[in-house]
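[1] Predicted model and sequence below, questions to follow.
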Amino acid sequence: MAEHTGRAAVAAIWRIESARIVGALARYTGDFALAEDLAQEALAEALVTWPRDGAPRNPAGWLLTVGRRRAIDAFRRRSALDERYAALARDLGEGGVLTGREPTREAEDMLWDPDRIDDDVLALIFISCHPVLSREARLALTLRVVGGLTSDEIAKACLVPTATVQARITRAKKTLAAARVPFEVPSAQERAERLGSVLSVIYLIFTEGSTANSGDELIRFELAGEAQRLARVLARLVPNEPEVYGLLALLELTAARFPARTGPDGEPVLLEQQDRRRWDRAAIRRGRAALVRAEQVGRGLGAYGLQAAIAECHAVAASVETTNWERIVLIYEALGRLAPSPVVDLNRAVAVSMAQGPAAALPIVDTLAAGALANSHLLSSVRGELLTRLGRTDEARTELERAAALCGNERERTVLRRKLAALG
């Protein structure tokens, strides 16, 4: 029992704090690849120590301290008694024993940079989005290191096989090591070049948090909350980028519905059944304000801004029936031209079904059956819903059964089974 509890504690802390630990270690060592190795070594030691001795009072600090000690050991093995080792040794004490001393204010002032990203996790994202990597490798590596997602979760988010994701992550680490990419904050110009990738990563982290691809919980609040925090930090860092505000608006407006998306037992509550009085009105106000800001600083909304505009349509509607579905369809059409995606097409089909009826939406869904969503539970789920509304019960049952088989999240699977039961 103690071993199970200890391992559960390690898993929980690692899921929440792994990105900060890797980021802090990368800042201390100046080596991204080494930092992740050190963090993994600390994790391995925790899996042995915590079940035996109990979880420490400061679990994240314990992991970081072990990682720092391993860093000193690594530098010693390399005989690299240079400034990095000296700085670490002064901070930690000889022999890798933590002294408890904090850097002096004078030392902090000497290192102060007015253009610095004062956030290890955000800096870690910028490093993972280095232009030496392909776009696909950037996404996979950052979702793994920063988002803490498994290879399976990343594969589902990116609509590719798990083996492909694993290969991309391995190649990305080797590429960063071969290019000797240091852990350092990029210049303002370099940030602008990497901004698109950074926004994509934050969006995918939030997407996994808002609807988990696997597990027993529908919403991973800590993951979604971290994405929101990073978006807010990014908005302060680059205040004149409309898509940053568009993304922030989208995240705020989507998260506003979290309180009503699950019932007391954790079961999902569908949009038409949600108590809209439980929606977070403060988050809606923040989201709408960010959307206004995106419109003010840009020349029209980008992909994230358009998605935020759709979320705003839901946020201001009193019910599903009074939602402006015609406007949502138009926005999805614009989004499909600006950022084509099978997921966008699938969501447009749902909006068309609400505005014009299921018969108008079914052909759109059918055209997606042979594409990237062919093995996604989302496609079968939407198709099953449309067939149900058309009275084609046998076909609907087949689609919903397929959706339940493909779905990796137990909470979502419960909803699909409930729909199947309702068919008789």
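    Received the coordinates, thanks. Predicted model only: the values in this text are computed from it and were never measured.
[2] I'd like the average pLDDT over stretch 278-295.
    Throughout stretch 278-295, pLDDT has a mean value of 97.
[3] buried sites along it?
    279-280, 283-284, 286-288, 290-291, 293-295 (16 or more other Cβ atoms under 10 Å). In short, each C-beta sits where N, CA and C put it, glycine included.
[4] any idea which of those residues is closest to A178?
    Nearest to A178, judged by Cβ to Cβ, of the buried residues of stretch 278-295 is A294 at 38.4 Å.
[5] Point out where this protein drops to low pLDDT.
    Along the chain, segments meeting pLDDT under 70 span 1-4, 77-119, 184-185.
[6] Tell me the spacing between A188 and V238.
    To V238, A188 is 9 Å away according to Cβ to Cβ, to the nearest Å.
[7] of these two, who's got more company?
    V238 (15 against 10; other Cβ atoms under 10 Å).
[8] ok, for the more buried one, nearest residue in space, not its chain neighbours?
    In space, V238 comes closest to V244 once its chain neighbours are excluded; the distance is 5.6 Å by Cβ to Cβ, 6 or more residues apart in numbering.
[9] so the one you found, which of the three states?
    Under DSSP: H, G, I helix; E, B strand; the rest coil, V244 falls in the helix class.
[10] right, and it touches R232 too?
    No - if you go by Cβ atoms under 8 Å, V244 and R232 don't touch, sitting 9.8 Å apart.
[11] Counting neighbours, go ahead and name the busier of these two.
    Each of V244 and R232 has its neighbours counted (other Cβ under 10 Å); V244 has more, 28 against 16.
[12] Look up how far L390 lies from the more buried one.
    Relative to L390, V244 is positioned 42 Å away (criterion: Cβ to Cβ).
[13] what's L248 in contact with, if anything?
    Contacts here follow Cβ atoms under 8 Å, 6 or more residues apart in numbering; on that basis L248 touches 228, 231-232, 234-235, 287, 290.
[14] Could you name the specific helix or strand carrying it?
    Using DSSP states H and E, L248 maps to helix 242-255.
[15] my read: E333 touches R348, true?
    Yes - with contacts counted by Cβ under 8 Å, E333 reaches R348, the gap being 6.7 Å.
[16] Which one of the two is surrounded by more residues?
    Using other Cβ under 10 Å, the more surrounded residue of E333 and R348 is R348, with 22 against 14.
[17] just checking, what packs against the strand or helix carrying D37?
    Assessed by DSSP H and E, D37 sits inside helix 32-53. Helices and strands touching helix 32-53, by 3 or more Cβ pairs under 8 Å, 6 or more residues apart in numbering; DSSP states H and E, are helix 2-29, helix 59-77, helix 120-128, helix 162-178.
[18] State the number of residues packed around the residue nearest to A24 when sequence neighbours are not counted.
    Spatial nearest neighbour of A24, excluding adjacent residues (Cβ to Cβ, 6+ apart): D120 at 5.3 Å. The local packing of D120 (other Cβ under 10 Å) involves 18 other residues.
[19] got a list of what D120 touches?
    With contacts defined as Cβ under 8 Å, 6+ apart, D120 is in contact with 20, 23-24, 26-27.
[20] how much space between it and S200?
    As judged by Cβ to Cβ, D120 and S200 stand 20 Å apart.
[21] Do me a favour and get the end-to-end distance for stretch 46-65?
    Chord length of stretch 46-65, first to last residue, is 12 Å (Cα to Cα, to the nearest Å).
[22] Alright, that wraps it up for me.
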